[in-house]
Structure formats: structure tokens, C-alpha cells
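J.: give me coordinates for this.
(2 chains)
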Amino acid sequence: MIRYLIRRILWAVVLFFAVTVVSYVLFFIIPANPAKQACGQACTSQDVKRVAHALGTDRPIYVQYGKFVKHLVIDRSLGYSYFSRQSVNSIVGAAAPVTASLVVGGAILWMLIAIPVGVLSALRPRSLLDRTSMTFVLIGISAHPIWIGLIFAYFFGFRLHLTPITGYCDFINPSTDCGGPVQWAYHLVLPWLTFAILFAALYVRMIRANTLDTMNEDYVRTARAKGAPEWLVLRSHILRNAMLPVVTMLGMDIGLALGGAVFTETVYSLPGLGKTAVGGLNNYDLPTVQGVIVFATLAIIIFNLVVDLLYAWIDPRIRLA
Amino acid sequence: MALLEVRDLKTHFRTDDGIVKAVDGVSFSIEKGKTLGIVGESGSGKSVTCLTIMGLNPKRNTISSGEAIFNGQNLLTMSSSDLREIRGNDIAMIFQDPMTSLNPVHRIGHQLVEAIQLHRDVSKKQARARALELLKAVGIPRAERRIDDYPHQFSGGMRQRVMIAMALVNDPDLLIADEPTTALDVTTQAQILKLMTTLQREFDSAIIMITHDLGVIAEIADDVVVMYAARVAEQGNVDALFTRPQHPYTWGLLGSLPRLDTDVDRLVQIQGQPPSLLNPPRGCRFHPRCPYVMGICKTEEPHLMPVDGDRTHTQACHLDQTTKDREAEKLLAGTMAEAS
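T.: Okay, here's the model as predicted:
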């Protein structure tokens, strides 16, 4: 177990460097001068040179990367934005809770939809419920979140005045003009729904398929032969086994989404990581983009590890070695 | 009175291609403490017969009719909650593949305790003690430790022992064993059969043994039902069946048995394939594969008739008695001659 953890952590370090190197290289392939962007329209070429020197973007790529790693390891700092000169740590620190609110709430919502719908469709295949839910799945998978987001904002926000159209409110600390749990949830209802639809659709399909597969297992027949009532067969023998792969998927999807739900954040103007990354890219602001990438990589690595540990705990056949 | 009396049992499955008549008019009975063997090829309907008795076929596409009278009650028409009371309590079942018949995420002990507590109002501790007792009875070494293991930590033979323990845990009157030794290697097969006969005496249960292995039948059965294409081809007590087999299909089965005491290059095989039950052949269902086929076999269906001189032995074949006795004798003499 300890050996397994050590090996996983070493691999995580390797993965971490691979991801950051690739993002550095990609950034330098972009034919643009971040210094010019940071300096502004009115700058002369002299000014741009001075800015480039101040930012360090006139140095070779490996020197810049070396500095990035040095700051990260020694000062635990992601550097400073080229554009706003704010510390990237504080930029990511401010954006991460927004994305986390969106993702965790969305995940709870999509599981609340997907588990009952998936299981019921599996229990009654080809029933009206099954056909309806499969139509929903098809729409959910096909419709783009930006389109869904705009439609929701238009109907629920603009026409019906049930929800705010866009914007975000802080959960604890009202840095903006609104705040508190109620306002927070009120502003997140539509983003949660928009974000959850795609995943709910995917998960309904997966849970339905897993449940159908498990229902035909020999041990389910054994349970019935023992005289177990249907609810017990379903709970203890079918669902327990059918949900095993769902746990893996859920952990990986949450890890992935924590890197930024770009579309949902953009359409509802949520100041999360996805929006921060998009803004950073538009300004050729490497430190900010890199900060989001570092955070996303860590989230994925940590969630994958958690999933593996959790899986070993819930499935006795898995041994970590 | 018989413990279980099955009369004209029919099980039909609705499929996209039409109705599959998996069991088509099967009757037999079994007395308390006796062993009934049901033999036949894969797809002859032997497993479905037993799943129907247990009410374990998928409800959605199954049509069953006939009667299965167990202790005076018809299992086929009783409510599903009444049937649940009987399942695992009065009638227990062991399945073919022990590797997949135990739930991989629950401990062995938990699965046995569940079986006990479904039917007995006992504490977890008492149930566990009973589970342990049964695991010892079926010969699990170090049962005190292994009761907390998971199924994947057991070998195939050991898992089948666990399945047997789980089936016997509520002291059932009838144990249905659906090819319990098919998935096991030969030495383990012998151990499991021996275990079953020992436990049968101890628990005084009747056993229905489903198998395609006549060797197993010879070993443990009192009575035998030979099934072919969803129907009974021949039925009788085990001595009669082995000394005076009456149906060409039974001859085929007997002829295809491998023997250690003779030196044969090739085993005799029954030509052809079992028929599709979607659209079975007219007349005698065995006629396309039968070496003794006559004109009448293709048009008229033979009914189960008693064999001359033995009321309990019935068969469904148009051949006349003299031919049948002569062929049976030839078959037995052949194996005897090879043996000597």
C-alpha cells in the first residue's frame, strides 16, 4: 500500500512536469508577443523591449521554464500575471472556489438525476420511462452547453424572472454587492443545471447499461433463489456491483471539470478557472494560463488517486500493488 | 404422496423471432429423500424446467403452464411472496458455475447469513454460527477464518462447496442441482458428488440432479428423466434405464459414454444437432437424427407409453418392443464384450 502510494506520487511528479513543459512549448509556438499585449496599443518598440525585459519574455524558453519551476518549488509561487501584475496564486485562489461550487453542485445534481432514471430505465427496458429518458440522453449529449445556457438564461432569467441571467455571488465573503449561501445558490441554479445536463445524460446511459448487465449476472439469480425480495436483490446485489464503474467515472469527471467548466462559466459570466484561462489566453498571459493548468493537473492527479483508493475499498477484488 | 409432482409443464419464451417452446409438456415426480436425475443435451430444456419450478425465469417474456405441486401447493400459480418463502427455505438450488454464482463484493459469511436471515428469525450471531456449522459440514478447511473471505479467494471446487452450504443452510426438503459439477475438474467433481450424497442422507433432502453426464446419473440417481428437445423421451428408475434402455436417443447417450475399461479409438456420437425449439420437427422430434427412423416417425408424434412388463418405465418411440429389446441388448452386449 505505501509502496503503491509512493509509486503513484512519483508518477504524478513526472506527469506534472510533462504537462507544464508541453503548455510552455505550446505557448511559444503562438506567433504573438506577450510583451506587446501587456504594454498596450500606444507603446513604441522601445517600450515593448523594456516590458519584455521586465517580464523576462526576452529570455530563451528553457530559462523561462527554469524560472517558473524555481518559483514554484522554492517560493510556491505561480508567478505574476503579465497583464495585471497580480499574483497568479491569488488569481487562481479566487477563481477555484467558483469552479468548485459549479462542479460539486453540478455533480450532485447530475447524480441525483442519473441514478434513479438510469436504474428505473434498466428495470423497465423499452417502457415509456425508458424511451423518454433515452430521448433526454440523446438531447443532453447532442446539445452544446453554450446553447443550453443561452436558452435557459433567456427563458428562466429574462422571460420568467425566476433566476438571475448571469453573475456570481460569493458563498461566505461578499466581495461583490451580493453574498451569502442563498444568493450563492440562487445564482448557481442555472449554471448547475446547464453543467449537469451533459453529464446526467452520459451517466443515465452508463448506469442503465451497468444495471442491465448486472441484472443478468448469475449471483443475482442466486440471490433470488435464496428467496431475497426484489428490493434487497436490487440494493444489495445489483446496485452495489453496477455502481462500481460509476465511482471511477465520477472521480475522473470531477477532477477534469475542476480545471474549468469553460462553456458554462463563459455563458453565465462566472469568474471561475475556465473563464480565467480563456481571458489569460486572449491576453497572451502565460503565467495565468499556466496557473490554471497547474491547478487542473493537480486536481486530476489527486482525484484519480482518490478514485483508485476508493475503488480498492469498495471492491474487494482490487488489491493495490 | 410425492414431494414434488410436475404435470404437463410448459415454458414458452416470447422472442423477437417467435415463441421458443423451451419446455413443452414435461411430467415427473420425486419422493422425499430420493434423487431424480434429468439428463439431456444443452438446450433440451432441463435447466428451464427447474428454473420454472423455482419461478426464476424472467417474467416479462415467459409463459408457463401446467402444474408443479409441492407439498400440496401449486408453485406455478402461487403469489410471488409465497414463492419467496419457499425458495431458499423448502426448495434450494445450486447452479452450474460456482465462479459467477456468488456475489463478488460480499463476504462468504455475509451471503450465508443473508440466506438464513431471509427465512429464520435469528440474530446475526446465531445465523453466523449456523453458517460456520454448514461451512464445516461441506468440508471448508479452517472455516472459522475463511468465513470472512471473499468469493475470489476461493477455488472453483471450494466455491461450489460454499454454494452447497448456502443451499442446505435452511435444511430444505428439495435441492435442485443444475449441473453442479460441470464447471469443475474431474477429481473435484467426484468429491462434490460424494459430498452431496453424504449430505443428502444427513439432511434427508430430495435432490433433482440436472446433468448431461450419464456417469453422474449412474452414480447418484434413483430415477431418471431423459429429455430431448423440450420433451421427455424416456423415464424410469435408474436400473431399468441402464439395463433396458428403450429410446434410440438414450442408446445414443449410452453409446457416447467414454469408458476407462475399454480401448476405443472414437466414441460413438449422435449425428446432427439438436433441433431449434422455435420450429421443432414434425412427428417425433428425434427423427432427423434417429438411425432407426420409419415413415410414421415423420408424421406422428409418439406419446410416453409404459414399457411391457414395467409400469414405471415409460418411453416415447414408435419402434416395436422386440426391436427395442434386441437393440438394447446389442448395445449392452457390445459394451460388455468390449469390457471383457
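J.: what's the pLDDT at the residue of the stretch 51-200 of chain B found nearest chain A?
T.: Closest contact between the stretch 51-200 of chain B and chain A, by C-beta to the nearest C-beta, is at B:G88 (3.6 Å). Placement of C-beta: from N, CA and C, glycine included. In this prediction, B:G88 carries a pLDDT score of 93.
J.: do B:D261 as well
T.: At B:D261, pLDDT is 65.
J.: again with the one 5 residues further on
T.: Note for B:R266: predicted pLDDT of 69.
J.: give the contact list for B:C297.
T.: With contacts defined as C-beta atoms under 8 Å, 6 or more residues apart in numbering or on different chains, B:C297 is in contact with B:G283, B:C284, B:H287, B:C290, B:H318.
J.: between those residues, which is nearest chain A?
T.: The closest of those, once distances to chain A are taken by C-beta to the nearest C-beta, is B:C284, at 33.5 Å.
J.: name the residue closest to the centre of the chain, please.
T.: Just going to use chain A. Nearest to the mean C-alpha position of chain A, by C-alpha atoms, centre = their mean, lies A:A257 at 0.9 Å.
J.: right idea, wrong chain: chain B
T.: In chain B, the centroid-proximal residue (C-alpha atoms, centre = their mean) is B:I210; its distance is 1.5 Å.
J.: residue boundaries of the helices in chain B?
T.: B:46-54, B:80-86, B:108-117, B:124-137, B:143-146, B:156-168, B:186-203, B:214-220, B:238-243, B:248-255, B:295-299, B:321-339 (DSSP state H).
J.: output the longest one as CSV, restricted to C-alpha atoms.
T.: It stands for helix B:321-339. C-alpha atoms of helix B:321-339 as CSV (Å, rounded to 0.1, in the frame of the first residue of the first chain):
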residue,chain,number,x,y,z
GLN,B,321,-40.9,-53.7,-28.4
THR,B,322,-39.0,-56.7,-29.9
THR,B,323,-36.7,-54.4,-31.9
LYS,B,324,-36.1,-52.2,-28.9
ASP,B,325,-35.2,-55.0,-26.6
ARG,B,326,-32.9,-56.5,-29.3
GLU,B,327,-31.1,-53.2,-29.9
ALA,B,328,-30.8,-52.5,-26.2
GLU,B,329,-29.3,-56.0,-25.7
LYS,B,330,-27.0,-55.5,-28.6
LEU,B,331,-25.8,-52.2,-27.1
LEU,B,332,-25.2,-53.6,-23.7
ALA,B,333,-23.6,-56.8,-25.0
GLY,B,334,-21.3,-54.6,-27.1
THR,B,335,-20.1,-52.7,-24.2
MET,B,336,-19.8,-55.9,-22.2
ALA,B,337,-17.9,-57.6,-24.9
GLU,B,338,-15.5,-54.7,-25.2
ALA,B,339,-15.1,-54.7,-21.5
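J.: quick revisit: just put the helices of chain B in JSON lines and tack on distance to B:N71.
T.: JSON lines is the format used below for those (distance: least, C-beta to C-beta, whole Å):
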{"stretch": "helix B:46-54", "distance to B:N71": "13"}
{"stretch": "helix B:80-86", "distance to B:N71": "9"}
{"stretch": "helix B:108-117", "distance to B:N71": "20"}
{"stretch": "helix B:124-137", "distance to B:N71": "23"}
{"stretch": "helix B:143-146", "distance to B:N71": "32"}
{"stretch": "helix B:156-168", "distance to B:N71": "18"}
{"stretch": "helix B:186-203", "distance to B:N71": "17"}
{"stretch": "helix B:214-220", "distance to B:N71": "23"}
{"stretch": "helix B:238-243", "distance to B:N71": "25"}
{"stretch": "helix B:248-255", "distance to B:N71": "31"}
{"stretch": "helix B:295-299", "distance to B:N71": "40"}
{"stretch": "helix B:321-339", "distance to B:N71": "37"}
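J.: which residues are contacting the worst-scoring helix or strand of chain A on mean pLDDT?
T.: Every helix and strand in chain A was compared by mean pLDDT, DSSP states H and E; the lowest is helix A:34-39, with a mean of 78. For helix A:34-39, the surrounding residues in contact (C-beta under 8 Å, 6+ apart) are A:43, A:47-49, A:51-52, A:55, A:57-58, A:82-83, A:283-286.
J.: so whichever residue of the stretch 1-150 of chain A sits closest to chain B: helix, strand or coil?
T.: Using C-beta to the nearest C-beta, the single residue of the stretch 1-150 of chain A nearest to chain B is A:P125, 8.6 Å away. Secondary structure assignment for A:P125 (DSSP: H, G, I helix; E, B strand; the rest coil): coil.
J.: excluding chain neighbours, what is closest to it?
T.: Distances taken as C-beta to C-beta, 6 or more residues apart in numbering or on different chains put A:L212 closest to A:P125, at 6.8 Å, once the chain neighbours are dropped.
J.: quickly find the element holding the one you found.
T.: For A:L212, the host element (DSSP states H and E) is helix A:181-215.
J.: pull out the buried positions in that helix.
T.: A:183-184, A:187-208, A:210-212, A:214-215 (16 or more other C-beta atoms under 10 Å in any protein chain shown).
J.: again with stretch A:70-83
T.: So, applying 16+ other C-beta under 10 Å, buried residues of stretch A:70-83: A:H71, A:L72, A:S77, A:L78, A:G79, A:Y80, A:S81, A:Y82, A:F83.
J.: once you drop chain neighbours, what's closest to the first one?
T.: Just to be clear, that refers to A:H71. Nearest to A:H71 is A:S77, by C-beta to C-beta, 6+ apart, at 4.7 Å.
J.: what pLDDT does that neighbour get?
T.: 84.
J.: how far is the helix or strand hosting A:A299 from where the chain is centred?
T.: Under the criterion of DSSP H and E, A:A299 resides in helix A:286-314. Taking C-alpha atoms, centre = their mean, to the nearest Å, one finds helix A:286-314 lying 10 Å from the centre of the chain it belongs to.
J.: how long is stretch B:167-185 from one end to the other?
T.: 21 Å (C-alpha to C-alpha, to the nearest Å).
J.: for stretch B:99-118, same thing?
T.: OK, stretch B:99-118 end separation, C-alpha to C-alpha: 23 Å.
J.: just stretch A:72-84 next, same as before
T.: 19 Å.
J.: same question for stretch B:170-178.
T.: Length of stretch B:170-178, first residue to last, C-alpha to C-alpha: 19 Å.
J.: for residue 228, give me its contacts.
T.: Looking at chain A here, since you left the chain open. A:S236, A:H237, B:R84, B:G88, B:E114, B:L118.
J.: that was the other one, I meant chain B.
T.: Residues near B:Y228 by C-beta under 8 Å, 6+ apart: B:G40, B:E41, B:S44, B:Y249, B:P274, B:R285, B:F286.
J.: got a markdown table for the residues you listed, with neighbour count and distance to chain A too?
T.: Formatted as a markdown table, the contacts of B:Y228 follow (neighbours: other C-beta atoms under 10 Å in any protein chain shown; distance: C-beta to the nearest C-beta, whole Å):
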| residue | neighbour count | distance to chain A |
| --- | --- | --- |
| B:G40 | 25 | 21 |
| B:E41 | 17 | 21 |
| B:S44 | 26 | 20 |
| B:Y249 | 28 | 29 |
| B:P274 | 18 | 23 |
| B:R285 | 25 | 28 |
| B:F286 | 26 | 31 |
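J.: tell me if I'm right that the residue of the stretch 51-200 of chain B closest to chain A and B:N170 touch.
T.: Yes: if you go by C-beta atoms under 8 Å, B:G88 and B:N170 touch, sitting 6.3 Å apart.
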